[in-house]
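Asker: predicted structure and sequence below. I'll ask about it afterward.
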Amino acid sequence: MNRFELYELCVTEPVRVCRFLDAAHGHEPRTLREDFSGSGALSRCWAAISEERRAIAVDADAEPLRHLSRKAKACGVVDRVVMRRSDVIACGSKADIIAATNFPICYWHTRTDLVRYLRACRRRLNRRGVFVCDLYGGRDAFVLSKTTRRIRGPVKSLIEYTFEQREANPVSSRVLDTLSFRHVKDGKRGSSGVLHQDAFVYDWRLWSIPELADAMREAGFEAVEVYDELGDAVDGEGRLYLRPVGPEDALEDNWVVYLVARKG
C-alpha cells in the first residue's frame, strides 16, 4: 500500500462525510468541489453516489492527483471526477458544495489569507451553496503528543498509524503534526519496519471557532453553523438529521467540529 492508500484507510471517512455534506446543503446538491483534495477519497465517494453527481478535486500537487486518477478508473467514476492541479484560490471551478476537510483550513496562517480564500470560495459557490471545513482544538490542542492506533488492512494485514504533534506554540497558534505508518505482524512490528515515516507533515495554524466563523462572515457568507458530529440518525424518509451546536451546548474537552458557511 502506498502512503495515500494508508491515509485513506486510517484517516478518512468519506461515506459519512458525504452524507453530512448532502444533509448540510439540504437542496439536492449535485456538484462537490474538494479543495486540498489529496488522493480525492471524498470526490470518488461523492461521484459514486449517483450518476447525476459530479466532483472536482483540486490540489496543487500532481502526485495525489495521479493516485486519484488510477482509483477513479478502478471504481468506475473517472468520467464524473474532474481533476484540477491548481492553487485553490486560483481555481475557478464552481460547485454546490466546496469542502476542505481533514483540517486544511489551517494551512492559512494569517487572517488576510484566510479571508481571501473564503471570499474566493463564496464566489465559486452556486446559489444556496455551502462551504464546509473542519477544525480541531480544546484542552490538548497545544500539547506535544503521540497517538498510535491499529487498523485492519487488506488481506488480514494490520497497520499501525501514528499521529504526532511534534511542535506546538500557543502564542502563534502554530503546530507541526505528522502521520506515520507501519506494518504489524502477529502483534509485533513486522520485519519490513517503517512503511512511511513522516508520510505526511502539516504546518498548521489552529484557528479558534469564533475566529473562523468571524472570517467567514467577513468573507460575505450569510450564515455560519457549527456541528460537533457528522450525525447518524435519519428521519422517516431516510434523510440524515443534523443539529448545530447551540449557545448552551458544551463541547468535549478535545473536540473536532465542522463549520458550514452558507451563501444566500
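Answerer: Right, received. Where do you want to start?

Asker: how far away is Val58 from Ser173?
Answerer: In this structure, Val58 lies at 25 Å from Ser173, with Cβ to Cβ, to the nearest Å as the measure. Placement of C-beta: from N, CA and C, glycine included.

Asker: Cys45 now?
Answerer: From Cys45 over to Ser173 the distance is 31 Å, taken as Cβ to Cβ.

Asker: rewinding a little: neighbour count for Val58 and Ser173, which is higher?
Answerer: Each of Val58 and Ser173 has its neighbours counted (other Cβ atoms under 10 Å); Val58 has more, 26 against 18.

Asker: my read is the more buried one is in a strand, agree?
Answerer: Yes: note on Val58: a strand contains this position according to DSSP: H, G, I helix; E, B strand; the rest coil.

Asker: residues contacting it?
Answerer: Arg33, Glu34, Asp35, Phe36, Ser37, Arg84, Ser86, Val88, Cys91, Ser93 (Cβ atoms under 8 Å, 6 or more residues apart in numbering).

Asker: was I right about Asn126 contacting Leu32?
Answerer: No: between Asn126 and Leu32 there is no contact under Cβ atoms under 8 Å: 11.3 Å.

Asker: overlap in contacts, these two.
Answerer: Residues touching both Asn126 and Leu32 by Cβ under 8 Å, 6+ apart: Ala95, Asp96.

Asker: these two - which one has more neighbours?
Answerer: Leu32 (27 against 16).

Asker: list of residues touching the helix or strand hosting that one?
Answerer: Leu32 belongs to strand 31-35 when elements are defined using DSSP states H and E. Contacts with strand 31-35, where a contact means Cβ under 8 Å, 6+ apart, come from 18, 21, 40, 42-43, 46, 53-58, 88, 91, 93-101, 104, 121, 124, 126.

Asker: apply the buried test to the residues you listed and list what passes.
Answerer: Among the contacts of strand 31-35, those buried by neighbour count (16 or more other Cβ atoms under 10 Å) are 18, 21, 40, 42-43, 46, 53-58, 88, 91, 95-101, 104, 121, 124, 126.

Asker: ranges for the helices of this structure?
Answerer: Counting by DSSP state H, the chain has these helices, from start to end: 3-10, 14-25, 41-49, 62-74, 111-124, 209-218.

Asker: quick one, the first one and helix 14-25 angle?
Answerer: This means helix 3-10. Our comparison of helix 3-10 with helix 14-25, counting by axes from the mean of the first three to the mean of the last three Cα atoms, to 10 degrees, yields an angle of 70 degrees.

Asker: so who does the closest residue to Ala219 other than its chain neighbours touch?
Answerer: Excluding its sequence neighbours, the residue lying closest to Ala219 (Cβ to Cβ, 6 or more residues apart in numbering) is Leu118, at 3.6 Å. By Cβ under 8 Å, 6+ apart, Leu118 lies in contact with Phe131, Ala215, Met216, Glu218, Ala219, Phe221, Ala261.

Asker: hmm, try it at 10 Å
Answerer: 89, 98, 100, 105, 108, 131, 133, 212, 215-221, 261 (Cβ atoms under 10 Å, 6 or more residues apart in numbering).

Asker: quick one: it from Gly92, how far?
Answerer: Applying Cβ to Cβ, the value for Leu118 to Gly92 is 16 Å.

Asker: just Ile105 next, same as before
Answerer: In terms of Cβ to Cβ, Ile105 sits 20 Å off from Gly92.

Asker: quick one, phi psi at the closest residue to Glu225 other than its chain neighbours?
Answerer: Nearest non-adjacent residue to Glu225, counting by Cβ to Cβ, 6+ apart: Pro244, 4.1 Å away. Torsion angles at Pro244 (phi, psi; degrees, to the nearest 10) stand at phi -70, psi 160.
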